[in-house]
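Peer 1: Starting from these lines, generate the structure:
(one chain, ligands or ions: 3)
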Amino acid sequence: ASLTNQYVYAFHEGNARMKQLLGGKGANLAEMTRAGLPVPPGFTVTTEACHAYFKSGNQLTEETIRQIFDALARLESETGQAFGDARNPLLVSVRSGSVTSMPGMMDTILNLGLNDETVEGLAAATGNPRFAYDCYRRLIQMFGSVVLGIEGMHFERLLHRLKAKRGAEADQDVAAEGWRELIENYKTCVRSQSGREFPQNVREQLGLATEAVFRSWNNQRAQVYRRINRIPDDQGTAVNVQSMVFGNKGDDCGTGVVFTRNPSSGEANLFGEYLINAQGEDVVAGVRTPQTIGTLRSEMPDMYAELSQVCALLERRYQDMQDIEFTVESGKLYVLQTRSGKRNAQAAMKIAVDLVQEGVLTMEKALLRIEASHLDQLLHRGIDESAAADVLAVGLPASPGAAIGRIAFDPDVASEWKQAGKPVILVRPETTPEDIHGVLAAEGVLTSRGGMTSHAAVVARGMGKPCVCGCEDIRIDEERKRLVVGGREFAEGEWITLDGASGRVIAGAVPLKEATASPELLQMLAWADEVRSLRVYANADTPEDARIAREFGAEGIGLCRTEHMFFAPSRLEIMQRMIVADTPEERKEALDGLLPIQQSDFEGIFAAMDGLPVTVRLLDPPLHEFLPKAGELQTSLAEAKSEAERTEIKQLIRKVQSLHEANPMLGQRGCRLGIVYPEIYDMQIEALFKAAAARIEQQADVRLEIMIPLVGDASELKLLRGRIDEIAGQILTEEERRNCRYTVGTMIEVPRAALTAGRIAEYADFFSFGTNDLTQMTFGYSRDDAEGKFLTHYLDRKLLPHNPFQVLDAEGVGQLIDLAVTSGRAVKPALKTGICGEHGGDKDSIAFCHRAGLNYVSCSPYRIPLARIAAAQAAV
Ligand code: ADP
Ligand code: MG
Ligand code: MG
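Peer 2: Ligands and ions are numbered 1, 2, ... in the order given. Purely as a prediction, here's the structure:
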């Protein structure tokens with residue numbers, strides 16, 4: 001073995017797995033060579049050579065230069081041509097090829113090896129001077145702009161002038177003489193623009209071109225593209241040096257691009273374009289209007305047949321739809337590039353299913369190909385991209401789907417208009433639990449503040465409503481009721497459109513495209529269900545949510561938040577009466593009012609989830625969330641008309657003050673509430689068992705799982721569990737108790753609960769990890785404040801890899817989960833475990849849950865298809 005690195009690989013030495021070293025293009029050229037396809041021979045200068053180039057101060061190392069020219073010598077003997085030879089010159093292309101495809105970002109030079117002498121040799125050898133000069137003028141132009149940094153427009157202007165002078169409409173009307181004249185003009189242009197001659201030494205051409213491609217890694221547009229697409233800056237690019245084939249030699253020549261399947265419909269037909277008598281980028285550059293691949297079938301049937309064979313072979317080899325560049329020289333086909341083709345969501349699904357059915361791809365591999373963004377596009381309405389869009393601003397794409405409506409700044413206005421049949425978009429600086437009826441009424445939500453896990457974002461995602469949040473370019477003038485953006489103003493009632501998938505806010509009503517639950521999507525979901533081991537439950541608070549969840553394939557409810565049932569205006573009032581009650585009797589009276597309402601909610605949910613587990617969490621949030629804000633009360637006090645009214649408001653103010661806490665999220669909430677005010681939980685438990693009994697009477701199959709929030713010590717759970725069993729004993733008859741197999745479990749959302757999970761498990765039938773709170777308390781980050789403040793800063797500076805409220809922190813929070821699962825199961829082997837935070841709908845977090853051995857994930861109904869796929873992806 002030699003001590004020096006191998007910086008250069010001939011195409012026949014590499015393969016598709018060597019992308020990191022050879023770049024995507026180089027690895028695929030090698031793979032195609034290996035497959036025996038007609039690839040013009042050549043070699044790849046590796047990304048390591050690129051790193052070495054940058055390390056030695058933007059210079060090719062001696063070793064790299066030596067290996068390049070050794071490889072070139074071998075290429076000469078393979079082709080029987082010589083680089084710089086006056087009679088039979090070898091010409092090459094120098095092509096960039098990064099590890100991750102960056103289409104159009106970097107540079108390629110064709111026809112390298114031509115100079116004043118070899119161009120004559122090429123003309124004589126081919127008997128086609130026009131062609132030879134065409135190649136040469138292309139080289140000077142590409143070399144001039146890529147290597148010498150001359151702006152393309154200088155060459156364009158000269159070309160334009162020449163055509164005008166010679167009366168040529170298009171490039172192909174220019175004769176040999178014309179190109180010769182242009183070549184002289186180009187050389188003068190190079191001299192005056194760059195202060196140096198176009199190099200006649202072909203070895204110098206090759207060295208300079210290689211360096212220029214390495215350098216182009218750091219050009220502005222490549223850097224921007226990498227930032228947007230999160231491609232690491234230190235990957236570097238490879239350079240491919242390949243012997244030229246010519247599509248510009250005559251009418252039995254051409255060049256084109258073909259997709260092996262239709263990238264917008266997924267249909268299994270070749271799709272693409274080609275140009276006769278053309279070279280390189282002519283097809284994309286719009287020099288002439290290209291012809292469709294369909295035309296090739298009738299014009300050159302043999303060529304079409306051969307191309308079809310190449311396509312089929314490459315698809316089987318790569319097990320995916322390919323985007324292929326080809327050139328035909330004098331009736332012979334060459335393949336110059338292949339890569340996986342870009343496609344839209346619908347096509348992606350169809351192609352993957354078809355490939356499985358054709359036996360090309362396994363179902364497991366097909367599942368791994370599905371991207372979350374694809375599902376978002378297929379399951380939600382979207383903007384019809386063919387229509388013009390007057391984009392006002394772009395915020396965070398917080399909840400996918402598109403919505404059209406009239407601007408409403410006030411949740412009450414939103415809900416009024418909704419009842420009047422007017423579609424609305426709720427526009428707020430940010431939302432709070434009190435705005436929930438406005439969110440419910442709205443087609444979509446737009447906020448100027450708040451991040452991806454802000455209240456608006458979480459609630460909208462839960463309801464499957466489009467939401468754009470944190471849109472800082474808009475200003476909401478609440479007083480004048482105006483939305484101000486980029487010097488324009490929009491009044492309440494004016495139409496806007498939101499695209500929750502891209503974050504765009506668009507003026508007016510833009511046409512939308514409906515969601516498409518295609519047969520392919522359903523097939524893919526069915527396969528996912530075969531493969532996955534995690535069960536997928538829904539977070540659903542109402543019978544309607546439960547019904548939707550079941551339609552999306554939920555296997556139960558993992559979190560039913562009882563407090564959400566109390567936010568409706570009519571119920572909120574009774575709830576408030578209960579909270580401000582001074583005596584247990586008064587409180588009992590208000591609770592008696594709430595009981596039948598809760599019971600009927602539960603009956604509805606049990607009906608929708610017949611035969612499936614329903615996990616109901618007892619009241620969790622601090623009570624003050626149900627009361628009006630102090631400021632609002634002061635206003636109503638000032639506006640109060642009677643003394644009685646004033647007294648009542650004053651009493652409320654006192655109550656609000658007495659409930660005030662400095663840290664409400666660490667205060668009187670969760671099971672602490674249930675322990676201090678037992679009547680509240682008693683009412684909820686009673687409602688649950690009465691609802692269960694009523695359903696059982698209807699021969700229904702009720703699987704009730706009662707969940708206690710915010711337990712931090714086993715004693716809390718022991719106490720409340722005792723209470724549940726007691727009430728069950730009182731409400732259910734002997735027979736009902738036999739038919740109502742309820743379980744009692746707890747959320748694990750306080751770090752101490754995870755640490756003492758073994759003791760807690762003695763009283764729990766299940767653990768449900770409430771990862772929103774668990775993340776908040778493990779990091780010590782206030783979830784409601786972090787995003788707007790330091791978290792964004794942390795993410796920008798890469799102090800954290802992800803927002804931990806979006807992607808579960810496997811390293812820290814994950815340890816607590818692992819520990820709790822292990823110690824819980826040690827005590828109770830049949831302990832059921834799951835997760836019910838926002839993370840339950842996130843792909844990476846679901847993968848963690850699979851590794852941690854949880855039994856289920858629970859997420860918003862609209863995330864269920866994604867969760868089913870993600871759970872399958874984690875399992876394969
Ligand atoms: P990009 O990465 O921008 O697609 P490429 O390196 O693929 O750039 O080159 C662009 C085009 O140049 C190719 O599509 C092909 O038509 C042409 N080309 C590149 N190398 C050769 C070659 N050796 N012979 C003929 N044409 C070539
Ligand atoms: Mg290309
Ligand atoms: Mg919680």
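Peer 1: rest of the way, CA atoms for contacts and neighbours
Peer 2: Noted.
Peer 1: list the contacts for residue 217?
Peer 2: Neighbouring residues of residue 217 by C-alpha atoms under 8 Å, 6 or more residues apart in numbering: 106, 223, 236, 237.
Peer 1: mind checking the SS state of the spatially closest residue to residue 836 that is not a sequence neighbour?
Peer 2: Using C-alpha to C-alpha, 6 or more residues apart in numbering and skipping residues adjacent in sequence, the residue nearest residue 836 is residue 858, 4.7 Å away. The assignment at residue 858 comes out as strand when based on DSSP: H, G, I helix; E, B strand; the rest coil.
Peer 1: domains of this protein?
Peer 2: 8-243, 254-343, 381-513, 532-622+661-875, 624-660 (automatic domain parsing).
Peer 1: Do a quick rundown of the strands in the stretch 601-750 of the chain.
Peer 2: Assigned by DSSP state E, counting those that start in this stretch, the strands in the stretch 601-750 of the chain fall at 613-617, 703-708, 743-748.
Peer 1: Minimum distance to residue 773: which of the ones you listed has it?
Peer 2: strand 743-748 (9.0 Å; C-alpha to C-alpha).
Peer 1: For ligand 1, give me its nearest residue in the stretch 101-250 of the chain.
Peer 2: residue 244 (3.7 Å; C-alpha to the nearest ligand atom).
Peer 1: low pLDDT regions in the stretch 201-350 of the chain?
Peer 2: For the stretch 201-350 of the chain, the stretches with pLDDT under 70 are 284-287.
Peer 1: Could you list the contact residues of it toward ligand 1?
Peer 2: 242, 243, 244, 245, 246, 279, 280, 281, 325 (C-alpha under 6 Å from any ligand atom).
Peer 1: picking that back up, tell me the phi and psi of the nearest residue to the residue of the stretch 101-250 of the chain closest to ligand 1 once chain neighbours are set aside?
Peer 2: Closest residue to residue 244 apart from its sequence neighbours, by C-alpha to C-alpha, 6+ apart: residue 92 at 4.9 Å. The phi/psi pair for residue 92 (degrees, to the nearest 10) reads phi -130, psi 160.
Peer 1: where's residue 92 relative to residue 587, distance?
Peer 2: 88 Å (C-alpha to C-alpha, to the nearest Å).
Peer 1: who's more crowded, these two?
Peer 2: Between residue 92 and residue 587, residue 92 has the larger neighbour count (other C-alpha atoms under 10 Å), namely 24 against 20.
Peer 1: My reading is that residue 505 is in a strand; is that accurate?
Peer 2: Yes. Looking at residue 505 with three-state DSSP, it is inside a strand.
Peer 1: what's across from it in the sheet?
Peer 2: Under DSSP bridges, the beta-bridge partners of residue 505 are residue 393, residue 498.
Peer 1: didn't it look like it was pressed against residue 397?
Peer 2: No. Between residue 505 and residue 397 there is no contact under C-alpha atoms under 8 Å: 10.3 Å.
Peer 1: Of all the helices and strands in this structure, which has the lowest average confidence?
Peer 2: Using mean pLDDT, DSSP states H and E, the weakest-scoring helix or strand in the chain turns out to be helix 282-285, at a mean of 72.
Peer 1: coming back round to it: would you format the contacts of residue 217 as TSV with neighbour count and secondary structure included?
Peer 2: Below are the contacts of residue 217 laid out as TSV (neighbours: other C-alpha atoms under 10 Å; DSSP: H, G, I helix; E, B strand; the rest coil):
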residue	neighbour count	secondary structure
106	22	coil
223	17	helix
236	25	coil
237	30	strand
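Peer 1: ok, so of these, who is nearest residue 612?
Peer 2: Nearest member of the contacts of residue 217 to residue 612, counting by C-alpha to C-alpha, is residue 223, at 51.7 Å.
Peer 1: okay, which residue is most central for this structure?
Peer 2: residue 373 (4.4 Å; C-alpha atoms, centre = their mean).
Peer 1: can you confirm that one is in a strand?
Peer 2: No. Secondary structure of residue 373 (three-state DSSP): helix, not part of a strand.
Peer 1: Give me the contacts around the host helix or strand of residue 576.
Peer 2: According to DSSP states H and E, residue 576 maps onto helix 569-580. Contacts to helix 569-580, defined as C-alpha under 8 Å, 6+ apart, come from residues 565-566, 586-591, 593-594, 623, 626-627, 652, 655.
Peer 1: now what about stretch 415-423, what contacts it?
Peer 2: With contact meaning C-alpha under 8 Å, 6+ apart, stretch 415-423 is reached by 404, 405, 406, 424, 437, 438, 440, 441, 442, 443.
Peer 1: 10 Å instead?
Peer 2: With C-alpha atoms under 10 Å, 6 or more residues apart in numbering as the contact definition, stretch 415-423 has outside contacts at 403-408, 410-414, 424, 426, 436-444, 493, 495.
Peer 1: re earlier: which neighbours do residue 505 and residue 397 share?
Peer 2: Taking C-alpha under 10 Å, 6+ apart as the criterion, residue 505 and residue 397 both touch 468, 471, 498, 499.
Peer 1: can you tell me which residues contact the closest residue to ligand 1 within the stretch 551-700 of the chain?
Peer 2: At 41.4 Å from ligand 1, residue 552 is the closest residue in the stretch 551-700 of the chain, using C-alpha to the nearest ligand atom. Applying C-alpha under 10 Å, 6+ apart to residue 552 gives the contacts 525, 538, 546, 861, 862, 863, 864, 865, 866, 868.
Peer 1: farthest-separated two in these?
Peer 2: 525 and 546 (19.4 Å).
Peer 1: more crowded one of the two?
Peer 2: Ranked by neighbour count (other C-alpha under 10 Å), residue 525 and residue 546 place residue 546 first, with 26 against 20.
Peer 1: what's the pLDDT at that one?
Peer 2: Looking at residue 546, its pLDDT is 95.
Peer 1: quick one: it is in a strand?
Peer 2: No. Under three-state DSSP, residue 546 sits outside any strand and is assigned helix.
Peer 1: That one and ligand 1, how far apart?
Peer 2: Residue 546 is 50 Å from ligand 1, where distance means C-alpha to the nearest ligand atom, to the nearest Å.
Peer 1: Report the spatially closest residue to that residue, excluding sequence-adjacent ones.
Peer 2: Nearest to residue 546 is residue 540, by C-alpha to C-alpha, 6+ apart, at 5.5 Å.
Peer 1: which ones are touching the closest residue in space to residue 621 that isn't next to it in sequence?
Peer 2: Among residues not flanking residue 621 along the chain, residue 669 sits closest, at 5.3 Å (C-alpha to C-alpha, 6+ apart). The contact partners of residue 669, by C-alpha under 10 Å, 6+ apart, come to 619, 620, 621, 622, 623, 624, 675, 676, 709, 710.
Peer 1: gap between residue 669 and residue 625?
Peer 2: Distance from residue 669 to residue 625, by C-alpha to C-alpha: 11 Å.
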